[in-house]
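A.B. asks: what would the 3D arrangement of this be:
(chains A, B, C and D)
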2 protein chains.
Amino acid sequence: MTEAAAAAHGPERRRATVIDVAARAEVSSATVSRVLNGNYPVARATRERVEEAVRELGYVVNAHARALAGTSSRTVGIIVHDVVDPFFAHIARGVERAASEAGRLCMVCCTHGDPRRELAFVDLLHEQRADAVVLVGGAHSDRAYAREVARRARDLHAGGARLVLCGRPSVGRDVPTLSVEYDNEGGAFALTDHLLTQGHGRILYLGGPPDLSTTRDRIAGHRRALELRGVPYAPELVHTGAFSPAFGHRRLTELLASGLEFSAVFAANDMVAIGALQALEEAGLRVPDDVSLAGYDDVPTAQVLRPRLTTVHVPLEEMGRQAVRLAVPEAEAEADAWQQPAEGGLTLGTHIVVRDSVAARRTP
Amino acid sequence: MTEAAAAAHGPERRRATVIDVAARAEVSSATVSRVLNGNYPVARATRERVEEAVRELGYVVNAHARALAGTSSRTVGIIVHDVVDPFFAHIARGVERAASEAGRLCMVCCTHGDPRRELAFVDLLHEQRADAVVLVGGAHSDRAYAREVARRARDLHAGGARLVLCGRPSVGRDVPTLSVEYDNEGGAFALTDHLLTQGHGRILYLGGPPDLSTTRDRIAGHRRALELRGVPYAPELVHTGAFSPAFGHRRLTELLASGLEFSAVFAANDMVAIGALQALEEAGLRVPDDVSLAGYDDVPTAQVLRPRLTTVHVPLEEMGRQAVRLAVPEAEAEADAWQQPAEGGLTLGTHIVVRDSVAARRTP
DNA sequence: CGCAACGTAGTAATCGCTTACTGTCGCCGT
DNA sequence: ACGGCGACAGTAAGCGATTACTACGTTGCG
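C.D. replies: Numbers count the residues shown, from 1 in each chain, chains lettered A, B, ... in the order given. Next up, the predicted model:
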């Protein structure tokens, strides 16, 4: 009857439970559970009877009941600004892969850059009892916000889960977080140095939300390189804003119109570079002949631009992988030799990728 | 060591429960639950006491227990090949947004194109009691496989959840699935017609897994256009394979070397077009002067290519939104007027976007 | 003054599964 | 013949919420 009702989707639609299966196979619920989990000996004949009952009833275990009764929820959560942005998409892919290798499901949340949504999602994932919550991307440099994150990191930790900061600074010395960083400052330093070496004295730094740690770090590297080469820092050459092609295009178009002088553009990331390239093109300027252009992140699109974009390579997918590897012990599989210094946090290297969008400055 | 560190804050680490909160606030667990859900009157003073206890204990409800005891799990699952591929990323974004508007969390699974993983994920999401499972992208045309999907659709449906087929054909007349399609065949028809109109008689169709419904449909539209214009179908001009830039590049390079003649390339999707463009460039052929090139999907990158890619626009994000809207009633919010014909499935239109990669054929 | 209505709070049954304990039974060794 | 052991299977106690009932003290009104 139950099954007939279920099949015929009569009003009496109820999912089959272990008990139903047990009844049908004429065994106890414990036995059914054992067959399902295969972690306890069950006589062959019995097992087969149970398996058949499961099939006939279309039984599917309830992961919630299972999580409640015993083991962990076997999920990891990742919080990003936007799944479509390649920067986040690649990190997400790394997280997803590592999670799935560790037998976990991956829950993805998008904040669209709103810190409040971000905190709300951490809570939500905590409620879901995720084994790990990976917070990706630059953080807003706000005292109160950092405190909120720290509180959640502690709550999560107290419950046996971990908060992993991926590509963002720590929120406090004694806060129990894990972290996977990349050398943001160093990449920017190297890139600026490259530009400087090519003779570009006036470099326009374009894009990136001003209050984001990522922006702060990249600009820091940029300035350090300038200083090292004795090039004075010109505030009017730094224009922060957003990480989108639209911003790069709009702002650069305005700046070009305003007559600002510069011979190279250091786009805060590749997306901004895409917009910048278009603006330059529309203004009739050739890259790199008239103006040099460089990006950051080395997303695949950087290679299809013409000229091919010189940029800073960031091991995005690897960061995602490491994030879960750090938080979920079973995920380690191999890689333990150099894992040693991980100890709660690690920093991956970045390096510049020289392609065609930067050339030596033409002497006017 | 890691263990020790984890346990550093006292060995007795146990998450607080409603009972603990109740004890601390000197009320019953029922009252705590009521305060938490705010769906039952609780005296102001009592509420405040409970809220304080919650704060002091760092209490976080257990979503699993909640899901088990009462309402649904409030999650929707989405299964894609790869989060990084823009085609899937955009659909995923639509699903994520709609889910989050409907107050649901979104679980993302990546199959890397493996049908077995796909089925496994449907099961996993079913176990998680997801309200809806969205299966995205072309399906392998395999009888047995379709039967498996159908079975799961029925199981899911029997449990009150829905399987949504997004961008793939139905698996059977009476199988309880929802579906969000786009006019695959029509887009290909229009694109080929456009190419034909420009005088291209020999069009190379390049890419796409041969056993995928998407490929089948696109080729069908392509052939229909050829027939309509009385252009004979030449099998040697159809080269299926994969949906990646790498495939487009490699295969086209080979074909070019082999001396195959054609004046236009219809890439199975924009990714393939990217690779094709590079191959053409490397072979010293100018696009569109020497060879015309068109793609499919209209991902953002299509606009940054030079020449800008002519392609078929597919409302990816909208598909994702609709998928959730169809499966999760509460998600409807507005939009009910034209929702009427939805009735378990809808097809979104596609249209070609003419840019610069296609030109009239030069008479040799 | 008595009683229904109301506003709150508590009791306890569930939800579906896992698992620590308890058997039960057949067979082996001595 | 008998204690003991190994291989299975069953019982039932949770896991952490939600919620249908029940209970109790005020009020308000007839």
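A.B. asks: now do the buried residues in the one helix or strand A:A89 maps to.
C.D. replies: Assigned by DSSP states H and E, A:A89 belongs to helix A:86-101. For helix A:86-101, a neighbour-count test (16 or more other Cβ atoms under 10 Å in any protein chain shown) marks A:86-100 as buried. Just so you know, the C-beta spots here come from the backbone N, C-alpha and C atoms, and that holds for glycine as well.
A.B. asks: what of stretch A:41-54?
C.D. replies: Using 16+ other Cβ under 10 Å as the test for burial, stretch A:41-54 gives A:V42, A:T46, A:R47, A:R49, A:V50, A:A53, A:V54.
A.B. asks: from what I see, the third one and A:V35 are in contact.
C.D. replies: Yes. Applying Cβ atoms under 8 Å, one finds A:R47 in contact with A:V35, separated by 5.1 Å.
A.B. asks: overlap in contacts, those two.
C.D. replies: Here A:R47 and A:V35 have no joint contacts, going by Cβ atoms under 8 Å, 6 or more residues apart in numbering or on different chains.
A.B. asks: close to DNA strand D, is the strand or helix carrying A:A45?
C.D. replies: When secondary structure is defined by DSSP H and E, A:A45 falls within helix A:44-57. Yes. On the criterion Cβ under 7 Å from any atom of the strand, helix A:44-57 is in touch with DNA strand D at A:A45, A:T46, A:R47.
A.B. asks: any chance of these in TSV, plus pLDDT and distance to A:S141?
C.D. replies: Formatted as TSV, these follow (pLDDT from 0 to 100; distance: Cβ to Cβ, whole Å):
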residue	pLDDT	distance to A:S141
A:A45	94	65
A:T46	94	61
A:R47	95	58
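A.B. asks: closest to B:A273 out of these?
C.D. replies: The shortest approach to B:A273 among the residues of helix A:44-57 next to DNA strand D belongs to A:R47, at 52.8 Å (Cβ to Cβ).
A.B. asks: got the residues of chain A near DNA strand D?
C.D. replies: Counting by Cβ under 7 Å from any atom of the strand, chain A comes close to DNA strand D at A:26-31, A:41-43, A:45-47, A:65, A:68-69.
A.B. asks: please repeat the previous calculation with a cut-off of 6 Å.
C.D. replies: A:V27, A:S28, A:S29, A:A30, A:T31, A:P41, A:V42, A:A43, A:T46, A:L68, A:A69 (Cβ under 6 Å from any atom of the strand).
A.B. asks: wait, the first one sits on A:T46?
C.D. replies: Which is A:V27. Yes. If you go by Cβ under 8 Å, A:V27 and A:T46 touch, sitting 6.0 Å apart.
A.B. asks: what's the overlap in contacts for the two?
C.D. replies: Common contacts of A:V27 and A:T46, defined by Cβ under 8 Å, 6+ apart, are absent altogether.
A.B. asks: need the strands for chain A, in chain order.
C.D. replies: Along chain A, the segments classed as strands by DSSP state E run A:75-80, A:105-110, A:132-136, A:162-166, A:177-182, A:203-206, A:238-239, A:264-267, A:292-294, A:311-313, A:345-348, A:351-353.
A.B. asks: by mean pLDDT, show me the worst of the ones you listed.
C.D. replies: When the strands of chain A are ranked by mean pLDDT, strand A:105-110 comes last with a mean of 89.
A.B. asks: between it and strand A:75-80, how big is the angle?
C.D. replies: For strand A:105-110 against strand A:75-80, the angle by axes from the mean of the first three to the mean of the last three Cα atoms, to 10 degrees is 20 degrees.
A.B. asks: over to A:V328: give its phi and psi.
C.D. replies: Per-residue torsions, A:V328: phi -110, psi 100 (degrees, to the nearest 10).
A.B. asks: how close does it get to B:Y40?
C.D. replies: Counting by Cβ to Cβ, to the nearest Å, the gap between A:V328 and B:Y40 amounts to 39 Å.
A.B. asks: more neighbours: which of these two?
C.D. replies: A:V328 (23 against 10; other Cβ atoms under 10 Å in any protein chain shown).
A.B. asks: so what's the closest residue to DNA strand C within the stretch 151-300 of chain A scoring on pLDDT?
C.D. replies: Per Cβ to the nearest atom of the strand, A:G160 is where the stretch 151-300 of chain A lies closest to DNA strand C, at 15.2 Å. What the model reports as pLDDT for A:G160 is 87.
A.B. asks: tell me which parts of the stretch 1-150 of chain A are close to DNA strand C?
C.D. replies: Counting by Cβ under 6 Å from any atom of the strand, the stretch 1-150 of chain A sits next to DNA strand C at A:15, A:17-18, A:29-30, A:33-34, A:36-37, A:61-62, A:65-66, A:68-71.
A.B. asks: buried ones among those?
C.D. replies: So, by 16+ other Cβ under 10 Å, the buried ones in these are A:R15, A:T17, A:V18, A:S33, A:R34, A:L36, A:V61, A:N62, A:A65, A:R66, A:L68.
A.B. asks: next one: phi and psi at the first one?
C.D. replies: As for A:R15, its main-chain torsions (degrees, to the nearest 10) stand at phi -70, psi 150.
A.B. asks: can you check the second one too?
C.D. replies: For A:T17, the backbone dihedrals (degrees, to the nearest 10) come out as phi -120, psi 180.
A.B. asks: which residue ranges of the stretch 151-300 of chain A form helices?
C.D. replies: A:184-197, A:213-228, A:245-258, A:270-282 (DSSP state H, counting those that start in this stretch).
A.B. asks: which of the ones you listed is buried the deepest?
C.D. replies: helix A:270-282 (a mean of 25; mean count of other Cβ atoms under 10 Å in any protein chain shown).
A.B. asks: what angle sits between that one and helix A:245-258?
C.D. replies: Helix A:270-282 and helix A:245-258 are oriented at 40 degrees to each other (the same axes, to 10 degrees).
A.B. asks: show me where pLDDT drops low in chain A?
C.D. replies: A:1-13, A:71, A:331-343, A:364 (pLDDT under 70).
A.B. asks: distance of A:R34 from A:E56?
C.D. replies: From A:R34 to A:E56 the distance is 19 Å (Cβ to Cβ).
A.B. asks: what does A:A283 give?
C.D. replies: Separation of A:A283 from A:E56 (Cβ to Cβ): 71 Å.
A.B. asks: JSON lines for the buried ones among the residues of the stretch 1-150 of chain A next to DNA strand C, including distance to A:G167?
C.D. replies: Below are these laid out as JSON lines (distance: Cβ to Cβ, whole Å):
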{"residue": "A:R15", "distance to A:G167": "41"}
{"residue": "A:T17", "distance to A:G167": "44"}
{"residue": "A:V18", "distance to A:G167": "43"}
{"residue": "A:S33", "distance to A:G167": "42"}
{"residue": "A:R34", "distance to A:G167": "44"}
{"residue": "A:L36", "distance to A:G167": "40"}
{"residue": "A:V61", "distance to A:G167": "36"}
{"residue": "A:N62", "distance to A:G167": "36"}
{"residue": "A:A65", "distance to A:G167": "36"}
{"residue": "A:R66", "distance to A:G167": "33"}
{"residue": "A:L68", "distance to A:G167": "34"}
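A.B. asks: now for those, which pair is the farthest apart?
C.D. replies: Every pair in these was compared (Cβ to Cβ); the two farthest apart turn out to be A:R15 and A:R34, at 20.4 Å.
A.B. asks: returning to that earlier point: which among the buried ones among the residues of the stretch 1-150 of chain A next to DNA strand C gets closest to B:R129?
C.D. replies: Nearest to B:R129, judged by Cβ to Cβ, of those is A:N62 at 6.4 Å.
A.B. asks: now that closest one: closest residue in space, sequence neighbours ignored.
C.D. replies: Once flanking residues are discounted, A:N62 sits nearest to B:R129: 6.4 Å by Cβ to Cβ, 6 or more residues apart in numbering or on different chains.
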